[in-house]
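[1] Fold the following.
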Amino acid sequence: MSFTAVVSGETAITARGPVREAAERVLGRLWIDQVPVRLASEDPALWPSAATAAVEGRPLCWPGQPGPGRAALDRAEELVADARAAGLTEVALLGRGAPARAAEL
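    Reported below is the predicted structural model:
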């Protein structure tokens, strides 16, 4: 069985079957739409809510300017350490609504 694995540090993500196929379609679409280049150039068109965020005083978090996202790293590292200490080897991320968009990705 064919699979796709992404490894970063001590974290590995493996996708097989329909999940792999869906991930490859999404990655292909991101490449076609030049999303990596657009992220690097901070293209505001990537964020339909950019105007709303600016009005509400919520800054966007670009890769080169991690801002508020950087603050979450320490908490994420704590969660990873706790999960490993508990012997967890797999995690499913579930959610709904805007805060759960990471689950869709």
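
[2] which residues in the protein form strands?
    Assigned by DSSP state E, the chain shows strands spanning 3-8, 11-16.

[3] Among the ones you listed, which one carries the weakest average confidence?
    Mean pLDDT values for the strands of the chain show the minimum at strand 3-8, a mean of 66.

[4] Just give me the neighbour total for Val80.
    A count of nearby residues for Val80, using other C-beta atoms under 10 Å, gives 15. All C-beta atoms are positioned from the backbone trio N, CA, C, and that covers glycine.

[5] With Thr89 as the reference, measure out to it.
    The gap separating Val80 from Thr89 is 12 Å, by C-beta to C-beta, to the nearest Å.

[6] Give the residues shared as contacts by those two.
    Common contacts of Val80 and Thr89 (C-beta atoms under 8 Å, 6 or more residues apart in numbering): none found.

[7] can you tell me how far the residue lying closest to Ala5 once chain neighbours are set aside sits from Asp74?
    Of all residues not flanking Ala5 in the chain, Thr14 sits nearest, at 4.7 Å (C-beta to C-beta, 6 or more residues apart in numbering). Distance, Thr14 to Asp74, using C-beta to C-beta: 27 Å.

[8] Equivalent analysis for Gly17, please.
    Going from Gly17 to Asp74 by C-beta to C-beta gives 35 Å.

[9] ok, longest helix in the chain?
    helix 67-85 (DSSP state H).
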